[in-house]
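**Student:** sequence unavailable; structure follows:
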């Protein structure tokens, strides 16, 4: 408590000065509550599973199967913009889905890949140009600062003394 800040302490270089802490002789470590044994403890609780008397397996086979769907919604979340969703098929027949996928996707995959590669190339060129421009700006700033040091100081900056007629 009687400690004072040293005279040679520099807040900018050494940081904010704090007096040293005094050890507490009564400190015995981090406090933890005491635990006592529970003689009735039977282990982690497991949810009991019981049969549902109203469950009918035959009814469950037809759940979510309709003759016709007139509306459907998608909730899509994408990390990178530009994704296109088209040619959506909803079916419960894996063979029909595979055939539709091959027919629809195979027809557009090459053109879409080419378009994507071109877009990526444009973005890369823009990024390179911006990086070069930023680098040139930094070089120009550094050059300006160096040139300012080399220039002689203007005497006009100093206030002029008024001229007096000599007596």
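**Tutor:** That came through fine. What you see is a predicted model, and the numbers here were worked out from it, not measured in a lab.
**Student:** can you name every helix or strand that the longest helix belonging to the chain contacts?
**Tutor:** Longest helix of the chain, by residue count under DSSP state H: helix 94-150. For helix 94-150, not one helix or strand is in contact under the criterion 3 or more CB pairs under 8 Å, 6 or more residues apart in numbering; DSSP states H and E. In this view, the C-beta of every residue, glycine as well, is placed from N, C-alpha and C.
**Student:** and residue 67, helix, strand or coil?
**Tutor:** coil (DSSP: H, G, I helix; E, B strand; the rest coil).
**Student:** how close does it get to residue 28?
**Tutor:** 75 Å (CB to CB, to the nearest Å).
**Student:** now do residue 36
**Tutor:** Applying CB to CB to residue 36 and residue 28 gives a distance of 20 Å.
**Student:** which residues are in contact with residue 100?
**Tutor:** Going by CB atoms under 8 Å, 6 or more residues apart in numbering, residue 100 touches 87, 89, 91.
**Student:** look up how far residue 76 lies from it.
**Tutor:** For residue 100, the distance to residue 76 - CB to CB - is 20 Å.
**Student:** relative to residue 17, which of the contacts of residue 100 is nearest.
**Tutor:** Set against residue 17, the nearest of those by CB to CB is residue 87 (69.3 Å).
**Student:** just the pLDDT at the nearest residue to the closest one once chain neighbours are set aside, thanks.
**Tutor:** Leaving out its chain neighbours, the residue that sits closest to residue 87 by CB to CB, 6 or more residues apart in numbering is residue 104, at 4.3 Å. On the pLDDT scale, residue 104 is placed at 85.
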